[in-house]
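Novice: heads up, no residue letters with this:
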RNA sequence: UGACCCAUGGUGUAAUUGGCAACACGUCUGAUUUUGGUUCAGAAGAGUCCAGGUUCGAGCCCUGGUGGGUCAACCA
């Protein structure tokens, strides 16, 4: 879709629904939804290979009449064994030299439903000694007594993909038929059919490019289907899935995915793209556009001892420091608040700038506070902190010009909204950087790929959020309101983390 | 022991079709910052898989290797 947008052309959306047992309306609809969501429009150019079943049948008859196709009545194992191997030529089927009349009769009877599935196939007569396996008399029609999602029960013979693809391109007037690398060896066959079909100079060309491989990510449809079927994830749109619907649910924006695609380009190198590039693309977009909001995921209560009991102050907070048009909002401040547990250390290491006993920090948009007491339970665990605030530092600046090294996000302990936050991580652990490689992925599943934090505190602002709205919880990362959220239970998915210099330093 | 395709900093892509190898991500400095985010400034990092050849000149053309990918479904 991006190529014609760049070079000035059009894209047809076509479903190669040649196999009735594999096609489901559900998939067709999801693909259309996803492509539309990405911001592409195919106008009225929506096609199905099944639109051409009549023409394909006629073309097959034409090939038979030209002596270039024949009906084979051997079973599939025999046909397969006669194909040879990539290094050894195949041998010709005894059916290969049937008369045109007999072939026409048999093919017609196949269509009439006279034969059982698997008993007869139509094959193109090309070359059983070709070094290219796909040219060794490939099967072009098979009997399938199955209901088709669009043509119903009209047919019981269906064309193979290879027999439909190029011809469909031809009839639609396609110039560049772009597909993935594994079809490279099919191209001679694609061209062979076009040569039999075409009348004039025009012919479509198949051009292959590398499919996307993402590090640490399984992209194989077969494996993704297994993840869904065996309930390792909650469906195709589980936020951990590398599907378009998964990314959407997770909070990725269409623009970020388009930018990512532009950055990786279209080439034939079968490489491995670093997920960091995908993540950079979302951050870039979200940072510019996401609403900032304060949220505390892992709360630690702070009592501001010299703050009046029962007082609620409405403080000004900017919605996006990079975009003044995003406006401001009011955040309620009270005597008891929550801060992030990670933002306090009783014994801070040298480079830890945040709150510690006796240290003064800024509460974002609020006041400077100093930690005076650390309250613990019998087990020695910190249950709350006592702080004093400097009333003169309202808004976050002290009139005497003194500086603090850190600014903390916080949420009022009484004026807030409770939410569930889901932290999604990679589905696979660090030992499986090549997620696409053919290994048993179950051994590499990451048990922490989903962490549910049932009781998080977010500032009241998010009450007005709509599903899919993106937020940046200050310093915690990007989140979006899950589409399945109900008013009585807000659920946020983490879209991406922020680059975190502190955690990097901790690991050193 | 075949055919087809591919090969450029750590990663992904460029290089006006033969003219000083560029950009993005990542990494590392420094500045700014009411997010250890963002932004800004700068740095390191490849001589283009190897060996020949053609040419005034080769990442690009030719030959031969090496490495990787794909192909033996009545799947797409």
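Specialist: That came in fine, so what should we check first? Being a predicted model, the structure only gives us computed values, none of them experimental.
Novice: count of neighbours near the one residue in chain A that gets nearest to RNA strand B?
Specialist: Closest to RNA strand B within chain A is residue A:396: 2.0 Å, counting by Cβ to the nearest atom of the strand. The C-beta positions use only the backbone N, C-alpha and C, and glycine is treated the same way. Around residue A:396 there are 16 other residues, counting by other Cβ atoms under 10 Å.
Novice: My guess is it contacts residue A:408. True?
Specialist: No: if you go by Cβ atoms under 8 Å, residue A:396 and residue A:408 don't touch, sitting 10.8 Å apart.
Novice: Poorly predicted segments of the stretch 1-150 of chain A, please.
Specialist: The model of the stretch 1-150 of chain A has pLDDT under 70 over residues A:23.
Novice: Any residues of it in contact with RNA strand B? List them.
Specialist: Residues of the stretch 1-150 of chain A lying near RNA strand B by Cβ under 7 Å from any atom of the strand: A:16, A:18-19, A:22, A:74-76, A:79-80, A:83, A:85-87, A:117-121, A:131-134, A:139, A:142-144.
Novice: ok, of those residues, which come out buried?
Specialist: Among these, those classed as buried by 16 or more other Cβ atoms under 10 Å are A:18, A:19, A:74, A:79, A:83, A:120, A:121, A:134, A:139, A:142, A:143, A:144.
Novice: so who does the spatially closest residue to residue A:203 that is not a sequence neighbour touch?
Specialist: Spatially, and ignoring its direct neighbours in sequence, residue A:203 is nearest to residue A:194 (5.0 Å; Cβ to Cβ, 6 or more residues apart in numbering). Shown in contact with residue A:194 (Cβ atoms under 8 Å, 6 or more residues apart in numbering): A:166, A:167, A:170, A:203, A:204.
Novice: same thing but at 7 Å, please
Specialist: With contacts defined as Cβ atoms under 7 Å, 6 or more residues apart in numbering, the neighbours of residue A:194 are A:166, A:170, A:203, A:204.
Novice: By neighbour count, which of those wins?
Specialist: If you rank the contacts of residue A:194 by neighbour count (other Cβ under 10 Å), residue A:166 sits at the top with 26 neighbours.
Novice: what residues does the stretch 351-500 of chain A put near RNA strand B?
Specialist: Checking the stretch 351-500 of chain A against RNA strand B by Cβ under 7 Å from any atom of the strand, the hits are A:351-354, A:362, A:364-365, A:395-397, A:406-407, A:409, A:472, A:474-475, A:498-500.
Novice: Which of those residues fall in strands?
Specialist: A:362, A:407, A:472 (DSSP state E).
Novice: For the first one, give the beta-bridge partners.
Specialist: Going back to what we said before, that points to residue A:362. Here residue A:362 sits in beta bridges with residue A:368, residue A:407, going by DSSP bridges.
Novice: same thing with the last one?
Specialist: Bridge pairing for residue A:472 (DSSP bridges) gives the partners residue A:292, residue A:478.
Novice: quick one: pLDDT of it?
Specialist: In this model, residue A:472 is scored at 97, pLDDT.
Novice: and it, what does it touch?
Specialist: So residue A:472 contacts A:286, A:290, A:292, A:478 (Cβ under 7 Å, 6+ apart).
Novice: ok, those residues vs residue A:251, which is closest?
Specialist: Nearest to residue A:251 among those is residue A:478, at 6.5 Å by Cβ to Cβ.
Novice: I'd like to know how far that closest one sits from residue A:35.
Specialist: 24 Å (Cβ to Cβ, to the nearest Å).
Novice: Then residue A:418?
Specialist: 37 Å.
Novice: counting contacts, what elements does the longest helix along chain A pack onto?
Specialist: Longest helix in chain A, counting residues (DSSP state H): helix A:275-289. With contacts taken as 3 or more Cβ pairs under 7 Å, 6 or more residues apart in numbering; DSSP states H and E, helix A:275-289 sits against helix A:254-264, strand A:490-496.
Novice: out of the ones you listed, deepest packed?
Specialist: strand A:490-496 (a mean of 23; mean count of other Cβ atoms under 10 Å).
Novice: which phi and psi does residue A:323 have?
Specialist: phi -130, psi 100 (degrees, to the nearest 10).
Novice: which ones are touching residue A:308?
Specialist: With Cβ under 7 Å, 6+ apart, residue A:308 has these contacts: residue A:335.
Novice: Give me the secondary structure label for it.
Specialist: Following DSSP: H, G, I helix; E, B strand; the rest coil, residue A:308 is assigned to coil.
Novice: Find the nearest non-adjacent residue to residue A:431, please.
Specialist: Once flanking residues are discounted, residue A:431 sits nearest to residue A:444: 6.0 Å by Cβ to Cβ, 6+ apart.
Novice: same deal with residue A:179?
Specialist: Nearest to residue A:179 is residue A:208, by Cβ to Cβ, 6+ apart, at 5.8 Å.
Novice: which element is the one you found on?
Specialist: Using DSSP states H and E, residue A:208 sits in strand A:205-209.
Novice: starting at the chain centroid, how far to that strand?
Specialist: 24 Å (Cα atoms, centre = their mean, to the nearest Å).
Novice: I'd like to know which elements it is packed against.
Specialist: strand A:176-180.
Novice: Give me the buried stretch members for the very next helix or strand once past the strand it packs on, please.
Specialist: Per DSSP H and E, the first helix or strand lying C-terminal to strand A:176-180 is helix A:187-197. By neighbour count on 16+ other Cβ under 10 Å, the buried set for helix A:187-197 is A:187, A:189, A:190, A:192, A:193, A:194, A:197.
Novice: Residue A:127 touches residue A:135, doesn't it?
Specialist: Yes: contact criterion Cβ atoms under 7 Å: residue A:127 and residue A:135 qualify, at 5.5 Å.
Novice: Settle it for me: which of residue A:418 and residue A:35 has more neighbours?
Specialist: For residue A:418 versus residue A:35, neighbours defined as other Cβ under 10 Å are more numerous around residue A:35 (16 against 12).
Novice: give the contact list for that one.
Specialist: A:1, A:13.
Novice: what angle do the helix or strand hosting it and helix A:254-264 make?
Specialist: Using DSSP H and E, residue A:35 sits in helix A:25-37. If you take axes from the mean of the first three to the mean of the last three Cα atoms, to 10 degrees, helix A:25-37 sits at 80 degrees to helix A:254-264.
Novice: Any regions of the stretch 151-300 of chain A where pLDDT drops low?
Specialist: In the stretch 151-300 of chain A (pLDDT under 70), no residue qualifies.
Novice: how about the residues of it near RNA strand B?
Specialist: Counting by Cβ under 7 Å from any atom of the strand, the residues of the stretch 151-300 of chain A near RNA strand B are A:158, A:160-162, A:181-186, A:210, A:263-274, A:276-277, A:280, A:283-284, A:287, A:292.
Novice: Buried ones among these?
Specialist: Here, 16+ other Cβ under 10 Å leaves A:158, A:160, A:162, A:183, A:186, A:210, A:264, A:272, A:273, A:280, A:283, A:292 buried among those.
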